[in-house]
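*Asks:* Sequence and predicted model, in that order:
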Amino acid sequence: MEKKTVLLVEDEPLLGNLLFQRLGKEGINVILAKDGEEALRVLAQTKPNLILLDLILPKVSGFELMERLNSDAQFERAPIIIVSNLGQDSDILKGQSLGAVQYFIKAKLSIEDLVMQVKKTLGM
């Protein structure tokens with residue numbers, strides 16, 4: 001069975017490393033990008049099965065990244081799960097309108113729930 005690939009876009013080193021290691025334990029190939037610009041470079045070369053996306057990022061925000069992915073045909077659409085500190089209804093609605101399949105708020109985040117959702121979305 002082919003290994004699933006997740007692009008993790010997270011500028012917070014602690015959470016980024018934690019998710020990188022935890023998803024790796026599930027047999028998922030994880031590519032870590034620390035800002036939206038790096039994520040766009042990765043996406044130009046790689047077709048991940050899923051994108052885990054923070055919204056508050058240096059250089060290119062998560063919302064900007066999603067808008068770019070939606071408007072540029074060179075990017076194949078991968079499901080996006082947002083993991084962000086932005087928890088306002090308007091942020092959640094904007095994320096969903098841009099194509100997010102799930103929205104997790106960091107303050108209420110259970111790593112195990114997130115891992116279960118990732119595996120479900122990947123069909124594992």
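*Replies:* In hand now; what should we look at?
*Asks:* Find the helix or strand that residue 96 is a member of.
*Replies:* Secondary-structure assignment from DSSP states H and E places residue 96 in helix 89-97.
*Asks:* Can you spell out which helices and strands pack onto that helix?
*Replies:* Helices and strands touching helix 89-97, by 3 or more Cβ pairs under 8 Å, 6 or more residues apart in numbering; DSSP states H and E, are helix 62-71, strand 80-84, strand 100-105. C-beta: built from backbone N, CA, C; applies to glycine.
*Asks:* quick one: the second one to chain centroid distance?
*Replies:* It refers to strand 80-84. Computed by Cα atoms, centre = their mean, to the nearest Å, the chain-centroid distance of strand 80-84 equals 5 Å.
*Asks:* what sits up against that strand?
*Replies:* 10, 15, 19, 50-56, 62, 66, 91, 95, 98-106, 109, 114, 117-118, 121 (Cβ atoms under 8 Å, 6 or more residues apart in numbering).
*Asks:* give me that answer again for 7 Å
*Replies:* Applying Cβ atoms under 7 Å, 6 or more residues apart in numbering, the contact partners of strand 80-84 are 50-56, 62, 66, 95, 99-106, 109, 114, 117-118, 121.
*Asks:* got the CA positions of stretch 98-108 in CSV?
*Replies:* Taking Å, rounded to 0.1, in the frame of the first residue of the first chain, the C-alpha atoms of stretch 98-108 are listed here in CSV:
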residue,chain,number,x,y,z
LEU,A,98,-12.4,28.2,0.8
GLY,A,99,-12.7,24.5,0.9
ALA,A,100,-11.6,23.3,4.3
VAL,A,101,-13.1,19.9,5.1
GLN,A,102,-12.5,20.3,8.9
TYR,A,103,-11.6,23.1,11.3
PHE,A,104,-9.8,22.5,14.6
ILE,A,105,-9.1,25.3,17.1
LYS,A,106,-5.7,24.9,18.7
ALA,A,107,-6.9,25.9,22.2
LYS,A,108,-9.4,23.0,22.1
